[in-house]
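Participant: sequence and computational prediction follow.
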Amino acid sequence: MLKKLPIYISSFKDMIEGNFLYIDKTKHIYDLFNGYKQYYFLSRPRRFGKSLLVSTLKELFLGNKEIFKDLWIYNSDYVWQEHPVIHLDFSVIAHRSSEQLEIEIVNHLIEIAKNYSINLDENQSPESALYHLIVNLSKINKVVILIDEYDKPILDHIKNIEEAEKQREILKSFYSVIKAQDANLRAVLLTGVSKFARTSVFSGLNNLNDITLDPKAAQLLGYTQQELIDNFMPYINNFANQENITSEALIDKLKKWYNGYRFSKIDTRVYNPFSVLYALDKREINNYWIASGNPEFLIVLLKQKYYEIKDIENAEFSYNSIEAFDISNINIIALLFQTGYLTITDYDKEYNSFKVNFPNFEIKQSFTNYLLTALSTYDLNTTATKMLNLKRAIDQNDLIKFFDILQNIFAHIPYTLTTKDLKEKDYHTLIQFILSVLSINAQSETITNAGRIDLILETKNIIYIFEFKVNQSAEIALQQIKDKKYYQRFLDKNKKIILVGLNFISSKDKIELDFIAEAIN
């Protein structure tokens, strides 16, 4: 029988004892934590297995060797010792206010202390409670500190900078204790979604080794292509049989939707584990990322900082510009990178710079929905419905309905934003975003020997070739496709080919769409 897929499980112990499938990452863990005194910080997007990693390390440092019996590290030369562990998960520590955050941190430390028969005074600051807990636990053995989602109290208040800064100062003081207790510690790991500038959170913890972009951690979370094949083929085969396609074809779909994340200068790509597990469990390729949570703060920032992301695809940035940011001056590209909406696509060693882009189709689709929600008066559910109706119209070759929906979308971008912030070329970029996520097979800015095709959409039965113009005419756009014979490369596909000329008619208070379409065969 196949092991159960761990779509709801982030506890390593529950995963092993409950006969869930665990992808063995213990060789990578050994490489990072074997030896003496490792202090690490690791940033990864949400739903990427950070909590499972922390849970695995907890069992490792508690010395529970037998739970690792069938894994790589069990037969290695790792020295098994039992260490007291301070494990804090800030996703479950209440933080509606800075006052509540202080109280709840102390309460969680008190609960940990009780497990070791240590009494902590509840009438003390979080940093004082942490100090006394470490000192007392060190009488047993060197202490391990594991902190998951360290940044959640800050990110959850990102719309209220004053409150975010209050919570940041609490965490800053709390984490500063760790460095002062170096003599009593065996290992430290802090994980989170974002990396704030050291001066804002980690100024008192400058011995923390950031492995976010370190090649040693490139495969620590997520699934490589080989891990997918080695561990998931029975599930893939069952899914492929249901869909009446080959396993190879299904793997190609999984790769296009969920692969593509790169977290170092070396070109190692990994799949989003959350989406892979859901797709194989439900036997359906779908956007599970957007359904896993609504990042409200991201929608707010996209509205505020649209200018910074207009040319987002294949943009190039220095290492420092995507490495960290501060809450008082948020770099939207750094935030998008750290939250998983952008990933590294190339690295220039000479200039120490990265090119970034969307990692896969699922993320580009999610980002487009968030962007439309940020720029328009729609909520996220309405945006998703509009996108679904657009896809249905294009699949059914109902171009009149298709462009009616597009026109309605543009009409819901506020007048003040239309005339002040968005230029004609921005609508060009926005419509490419929208159309490129309506089909799995979509290509923007495709270069041919005759020129550059603005957009190609390929459905089950139809290939659409789009050419865009601004304040010219749809006829001119259509004629360019015909003159340059962009369609020739698709004639052997035995599909209907439709050429679409689209003209943006820009006036001072609105944008109108004019289109003309013509079938080749």
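Facilitator: Arrived safely. Since we're looking at a predicted model, the values are computed, not measured. Numbering: from 1, shown residues only.

Participant: can you give me the strands in the stretch 201-350 of the chain?
Facilitator: Using DSSP state E, counting those that start in this stretch, the strands of the stretch 201-350 of the chain run over 209-210, 261-262, 269-270, 315-318, 343-348.

Participant: for Ser10, which of those is the nearest?
Facilitator: strand 269-270 (17.6 Å; C-beta to C-beta). The C-beta positions use only the backbone N, C-alpha and C, and glycine is treated the same way.

Participant: the closest one: how far from the chain's middle?
Facilitator: Taking C-alpha atoms, centre = their mean, to the nearest Å, the mean C-alpha location of strand 269-270 is offset from the chain mean by 13 Å.

Participant: same deal with stretch 41-50?
Facilitator: Using C-alpha atoms, centre = their mean, the offset of stretch 41-50 from its chain centre is 9 Å.

Participant: export that stretch as CSV, just CAs?
Facilitator: Listed next in CSV are the C-alpha coordinates belonging to stretch 41-50 (Å, rounded to 0.1, in the frame of the first residue of the first chain):
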residue,chain,number,x,y,z
PHE,A,41,18.8,31.9,9.6
LEU,A,42,16.7,30.5,6.7
SER,A,43,14.1,32.4,4.7
ARG,A,44,11.7,30.5,2.5
PRO,A,45,8.2,31.2,1.1
ARG,A,46,5.1,30.1,3.0
ARG,A,47,4.0,26.5,2.5
PHE,A,48,7.5,25.4,1.8
GLY,A,49,8.2,23.0,4.7
LYS,A,50,9.9,25.3,7.2
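
Participant: what's it in contact with?
Facilitator: If you take C-beta atoms under 8 Å, 6 or more residues apart in numbering as the criterion, stretch 41-50 is touched by 10, 53, 148-149, 189-195, 202, 208-212, 217, 220-222, 261, 263, 272-275, 289, 292-293, 338-340.

Participant: okay, now the sheet partners of the helix or strand hosting Lys469, with direction.
Facilitator: Using DSSP states H and E, Lys469 sits in strand 462-470. Strand 462-470 sits in its sheet next to strand 451-458 (antiparallel), strand 496-506 (parallel), going by DSSP bridges.

Participant: format the strands of the stretch 201-350 of the chain as a markdown table; extra columns: mean neighbour count, distance to Ile161 and mean pLDDT.
Facilitator: A markdown table is the format used below for the strands of the stretch 201-350 of the chain (neighbours: other C-beta atoms under 10 Å; distance: least, C-beta to C-beta, whole Å; pLDDT from 0 to 100):
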| stretch | mean neighbour count | distance to Ile161 | mean pLDDT |
| --- | --- | --- | --- |
| strand 209-210 | 14 | 24 | 88 |
| strand 261-262 | 23 | 30 | 96 |
| strand 269-270 | 24 | 34 | 96 |
| strand 315-318 | 15 | 24 | 77 |
| strand 343-348 | 18 | 28 | 91 |
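
Participant: between those strands, which one is closest to Phe354.
Facilitator: Going by C-beta to C-beta, the one of these nearest Phe354 is strand 343-348, 5.0 Å.

Participant: check contacts around the residue nearest the centre of the chain.
Facilitator: When C-alpha atoms, centre = their mean is applied to the chain, the residue found nearest the centroid is Gly340 (2.2 Å). Shown in contact with Gly340 (C-beta under 8 Å, 6+ apart): Arg44, Pro45, Arg46, Phe48, Tyr261, Asn272, Pro359, Ile363.

Participant: just the residues you listed: which has the poorest pLDDT?
Facilitator: Model confidence across those bottoms out at Arg46, which has 87.

Participant: what's the burial count for it?
Facilitator: Neighbours of Arg46 under the rule other C-beta atoms under 10 Å: 19.

Participant: name the nearest residue to Leu406, sequence neighbours excluded.
Facilitator: Nearest residue to Leu406 in three dimensions, chain neighbours excluded: Leu513, at 5.9 Å (C-beta to C-beta, 6 or more residues apart in numbering).

Participant: check which helix or strand that neighbour maps to.
Facilitator: Per DSSP H and E: strand 511-519 holds Leu513.

Participant: who's in contact with that strand?
Facilitator: Contacts for strand 511-519 (C-beta under 8 Å, 6+ apart): 399, 403, 406-407, 410, 418, 424, 427, 473-475, 477-478, 482, 496-505.

Participant: let's go with 7 Å and repeat that
Facilitator: 399, 403, 406-407, 410, 418, 427, 474-475, 478, 496-505 (C-beta atoms under 7 Å, 6 or more residues apart in numbering).

Participant: then stretch 60-75?
Facilitator: 13, 16, 24, 26-27, 29-30, 59, 80-83, 85, 144, 187.

Participant: the same query, at a cut-off of 8 Å, please.
Facilitator: By C-beta under 8 Å, 6+ apart, stretch 60-75 touches 12-13, 16-17, 22, 24, 26-27, 29-30, 33, 59, 80-83, 85, 144, 186-187.

Participant: go on, stretch 386-397?
Facilitator: Counting by C-beta under 8 Å, 6+ apart, 365, 368-369, 372, 378, 399, 401-402, 405-406, 408-409, 434, 437-439, 457, 459-460, 462, 464, 496, 498 sit against stretch 386-397.

Participant: in strands only, show me these.
Facilitator: Leu457, Ile462, Tyr464, Lys496, Ile498 (DSSP state E).

Participant: spatially nearest residue to Leu221 (excluding sequence neighbours)?
Facilitator: Closest to Leu221 by C-beta to C-beta, 6+ apart is Gly49, at 4.5 Å.

Participant: typed the wrong thing, it's Val79
Facilitator: In space, Val79 is closest to Asn34, 8.0 Å off (C-beta to C-beta, 6+ apart).

Participant: pLDDT at the one you found, what is it?
Facilitator: In this model, Asn34 carries a pLDDT of 92.

Participant: same question, Tyr307
Facilitator: pLDDT at Tyr307 comes out at 64.

Participant: ditto for the one 5 residues further on
Facilitator: Ile312 is assigned a pLDDT of 75 by the prediction.

Participant: make sure it is actually in contact with Leu342.
Facilitator: Yes - at 7.1 Å, Ile312 and Leu342 qualify as touching, with contact defined as C-beta atoms under 8 Å.

Participant: quickly list what's touching both of the two.
Facilitator: With C-beta under 8 Å, 6+ apart as the test, Ile312 and Leu342 both reach Ile333, Leu336, Val356, Asn357.

Participant: now do the contacts for Asn107.
Facilitator: Glu122.

Participant: surely it is in a helix?
Facilitator: Yes - per DSSP: H, G, I helix; E, B strand; the rest coil, Asn107 lies within a helix segment.
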